[in-house]
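1. Provide a 3D model corresponding to the input given below.
(one chain, ligands or ions: 1)
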Amino acid sequence: MDFTTADLYDERGTELDSVSTQFRNFGTRTAFSGPARTIRCFQDNALIKTMLATPGHGAVLVVDGGGSLETALMGDLIATSAIKNDWSGVIINGAIRDSTVINTLPLGVKALGTNPAKSTKTGTGETDTPVRLGNVTITPGKMVYADVDGILTEKSPTEG
Ligand SMILES: O=C([O-])CC(=O)C(=O)O
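-> Sure, this is the predicted structure:
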């Protein structure tokens with residue numbers, strides 16, 4: 001994709017929030033953008049698997065996994081499903097697995113780290129509600145722009 005987050009910040013910084021959390025980068029699509037969809041879950045990835053099996057229309061899925069590195073919320077099968085369904089990227093405040101394969105796939109992926117342990121699949125969690133990534137609120141429908149430097153999102157309305 002033809003942008004860098006640094007240039008975008010210089011051009012539109014007043015309209016954008018920048019996430020300070022340091023993510024690792026996976027997948028061959030190192031720069032990706034799209035409207036946010038969101039999931040909040042904890043060591044359970046059924047909602048992620050289900051959402052990424054539906055048409056993404058170029059969206060970026062942002063997952064607040066509570067920062068847990070104990071289980072992987074996405075592996076190569078779910079990542080492949082995301083590509084088939086036209087998602088541009090997945091940002092996970094948590095862990096992934098199968099990173100060797102995911103690194104060969106044309107999907108933007110950011111996660112805190114990796115763990116081979118799988119998650120449960122009970123479906124516990126919430127979809128399409130605002131989530132916090134470090135210092136920033138990601139609101140469903142707001143644009144997200146990511147590359148190896150970081151993550152920018154359109155500012156959310158301030159509450160209260
Ligand atoms: O099913 C899972 O829990 C994650 C996984 O391994 C995959 O997506 O390949």
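2. quick check: phi and psi on the residue in the chain that the ligand sits nearest to?
-> Residue of the chain nearest the ligand, by CB to the nearest ligand atom: residue 75 (2.5 Å). All C-beta spots, glycine's among them, are computed from the backbone N, C-alpha and C. For residue 75, the backbone dihedrals (degrees, to the nearest 10) come out as phi -130, psi -170.
3. tell me which parts of this structure are close to the ligand?
-> Proximity of the chain to the ligand (CB under 6 Å from any ligand atom) is limited to residues 45, 74-78, 97-98, 118-119.
4. among those, the buried ones, what's the ChimeraX command?
-> Only the buried members of those enter the following ChimeraX selection, criterion being 16 or more other CB atoms under 10 Å:
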select :45,74,75,76,78,97,98,119
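5. among the residues of the chain next to the ligand, name the ones in helices.
-> When the residues of the chain next to the ligand are checked against helices (DSSP state H), the matches are 76-78.
6. can I get the residues you listed in CSV with pLDDT?
-> Converted to CSV, these look like this (pLDDT from 0 to 100):
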residue, pLDDT
76, 98
77, 98
78, 98
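7. elements contacting the helix or strand where residue 35 lies?
-> With elements delineated by DSSP states H and E, residue 35 resides in strand 32-40, which encompasses its position. Counting contacts by 3 or more CB pairs under 8 Å, 6 or more residues apart in numbering; DSSP states H and E, strand 32-40 packs against helix 46-52, strand 60-64, strand 89-96, strand 126-127, strand 131-133, strand 143-147.
8. beta partners of the spatially most central residue of the chain?
-> In the chain, the residue lying closest to the centroid (CA atoms, centre = their mean) is residue 91, at 1.6 Å. The partner list for residue 91 in beta bridges (DSSP bridges) reads residue 62, residue 110.
9. identify the residues contacting it.
-> Contacts for residue 91 were tallied using CB atoms under 8 Å, 6 or more residues apart in numbering; they are 23, 60-63, 109-111, 133, 144, 146, 151.
10. what's the burial count for residue 122?
-> Using other CB atoms under 10 Å, residue 122 is surrounded by 12 other residues.
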